[in-house]
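**Q** give me a model of this one.
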Amino acid sequence: MGGQVQMMFQIAPGVLPQIRAGKVRALAVTPLRRSPLAPELPTMDESGLPGFDITACNGLLAPAKTSRPIVEKLNAQVSQDLKQPDVIRRITDAGYEPIESGNSPEQVGDFLRREVAKWAKLIRETGAKAD
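**A** Below is the predicted model of the structure:
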């Protein structure tokens with residue numbers, strides 16, 4: 001907004017207010033599907049970078065040794081809560097996209113394993129290092 005950055009990647013909640021106020025220009029979204037929060041924005045894939053797919057997410061994790069009944073109870077409650085209209089409104093008002101249906105602990109674990117493998121491969125191939 002101060003004219004010092006030519007381009008950046010930013011999660012939606014941090015930038016949607018500035019986009020809507022016309023202070024910055026959004027070029028595309030990074031997941032493979034358009035965002036319902038900004039359906040006018042193309043995906044990076046649609047913009048000419050085939051297969052570009054980066055999705056930021058938030059989740060609820062428990063310690064590895066948490067008993068299955070407790071994990072199931074937490075999952076059921078959170079899934080129920082995420083279907084409530086007031087919760088959905090608060091999530092979208094904050095600039096986040098709520099999940100369309102609750103994910104099982106196994107689905108979340110599978111997603112995290114795929115993400116770790118994807119980013120580990122990229123780090124190996126590029127030699128990226130944390131500064």
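**Q** measure the closest residue to residue 36 other than its chain neighbours to residue 125 for me?
**A** Excluding the flanking residues, the one nearest residue 36 by CB to CB, 6 or more residues apart in numbering is residue 97, at 6.3 Å. To be clear about C-beta, it is placed using only N, CA and C from the backbone, and glycine gets the same treatment. Distance of residue 97 to residue 125, computed by CB to CB, to the nearest Å: 29 Å.
**Q** who has more neighbours out of the two?
**A** Taking other CB atoms under 10 Å, residue 97 and residue 125 do not tie; residue 97 has more neighbours (16 against 8).
**Q** doesn't residue 35 make contact with the residue nearest to residue 36?
**A** Yes: Residue 97 is in contact with residue 35 according to CB atoms under 8 Å; the separation is 6.3 Å.
**Q** what residues do the two have in common as contacts?
**A** Counting by CB atoms under 8 Å, 6 or more residues apart in numbering, the contacts common to residue 97 and residue 35 are residue 12.
**Q** quick one: residues in contact with the helix of greatest length in the chain.
**A** Counting residues, the longest helix in the chain under DSSP state H turns out to be helix 105-126. With CB under 8 Å, 6+ apart as the test, helix 105-126 has contacts from 57, 59, 61, 71, 72, 75, 103, 128.
**Q** any of the residues you listed buried? List them.
**A** Buried members of the contacts of helix 105-126, counted by 16 or more other CB atoms under 10 Å: 75, 103.
**Q** pLDDT score for the residue nearest the centre of the chain?
**A** By CA atoms, centre = their mean, the chain has its centre lying nearest to residue 56, at 2.5 Å. pLDDT for residue 56: 85.
**Q** identify the residues contacting it.
**A** By CB under 8 Å, 6+ apart, residue 56 lies in contact with residue 11.
**Q** quick one, phi psi at it?
**A** phi -90, psi 140 (degrees, to the nearest 10).
**Q** how close does it sit to residue 33?
**A** Computed as CB to CB, the residue 56 to residue 33 distance reads 14 Å.
**Q** same question for residue 67.
**A** 36 Å.
**Q** ok, how many other residues are close to residue 115?
**A** Count around residue 115 with other CB under 10 Å applied: 13.
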